[in-house]
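Peer 1: could you look at this predicted model? Sequence included:
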Amino acid sequence: MKDRIAVIEDIAEMAQLIRLYLENEGWDTVVFDSAEAALEGLTDPVSLVILDVNLPGMDGFAFLDRFRKTRSTPVLIVSARSADEDIITGLGYGADEFVTKPFSPRVLVARVRAMLRRTQGLADLPAALTFGPFTFDADACLLKKGDQRIPLSNKEFGVLDHLLAQEGRPSSPEAIYRAVWKNNYGDLTSVAVYIQRLRRKLETDPSHPEYIETVPGMGYRFHR
């Protein structure tokens with residue numbers, strides 16, 4: 001089945017440029033010029049969302065906050081905002097990648113291709129691992145607490161999948177970054193951001209974690 005990508009961008013020329021490059025790669029695209037239109041129009045599943053931050057009405061961060069309550073679809077932010085605070089905010093709300101404008105369309109296509117490849121190949125574990133009240137189904141990219149589905153972003157799933165695969169051994173931020181971001185170099189604070197996001201979803205008291213332990217000098221360890 002052909003991948004379908006949603007583009008949320010209010011500048012028509014930019015949206016059409018992105019659409020042209022994506023469709024030249026063989027991906028279907030659907031374009032929205034506002035966050036409100038996307039929330040209303042994204043009724044069918046998409047493989048990935050490309051999201052601008054500076055949108056009329058609801059901005060991209062507010063969209064992402066609402067979107068992540070029900071959907072774990074990978075999200076790539078494309079924004080003129082390049083300050084560390086904006087990037088950290090985007091990751092904190094659940095973005096999987098952040099590309100700053102101006103950008104090379106070829107680089108954007110490469111990022112999209114890498115994200116889709118990761119989405120299709122993340123599962124390293126047998127299906128239906130359980131810990132506490134949670135069930136983690138790697139084949140279905142699904143986390144449930146009892147009968148309640150817990151939405152996970154692409155990166156959240158990857159970090160959890162990696163930690164569970166260590167079977168109680170600690171994993172360093174560098175190892176997590178290599179495994180999930182598929183890169184030997186990058187901002188390792190991203191790992192801490194996603195650890196905190198997972199703790200908020202898994203732990204009764206995130207400040208005293210039961211499942212994701214910080215091991216001083218070594219990284220993080222998952223207790224089942």
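Peer 2: Sure thing, it's come through.

Peer 1: which other helices and strands contact the helix or strand A110 falls within?
Peer 2: Using DSSP states H and E, A110 falls within helix 105-120. Using 3 or more C-beta pairs under 8 Å, 6 or more residues apart in numbering; DSSP states H and E, the elements in contact with helix 105-120 are helix 12-24, strand 48-51, strand 75-79, strand 97-100, helix 154-165. Every C-beta, even on glycine, is put in place using the N, C-alpha and C of the backbone.

Peer 1: could I get these as CSV with mean neighbour count, distance to A110 and mean pLDDT?
Peer 2: CSV is the format used below for the helices and strands packed on helix 105-120 (neighbours: other C-beta atoms under 10 Å; distance: least, C-beta to C-beta, whole Å; pLDDT from 0 to 100):
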stretch, mean neighbour count, distance to A110, mean pLDDT
helix 12-24, 15, 11, 93
strand 48-51, 26, 13, 96
strand 75-79, 24, 11, 91
strand 97-100, 19, 10, 87
helix 154-165, 23, 16, 87
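
Peer 1: tabulate those (CSV), appending distance to G132.
Peer 2: Output for those, formatted as CSV (distance: least, C-beta to C-beta, whole Å):
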stretch, distance to G132
helix 12-24, 41
strand 48-51, 31
strand 75-79, 28
strand 97-100, 31
helix 154-165, 13
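
Peer 1: so what's the spatially most central residue of the chain scoring on pLDDT?
Peer 2: Centroid-nearest residue in the chain: D96, 3.3 Å away (criterion: C-alpha atoms, centre = their mean). pLDDT, D96: 86.

Peer 1: one more: the one 10 residues further on?
Peer 2: Here the pLDDT value assigned to R106 is 82.

Peer 1: cool, and G121?
Peer 2: Looking at G121, the pLDDT reads 51.
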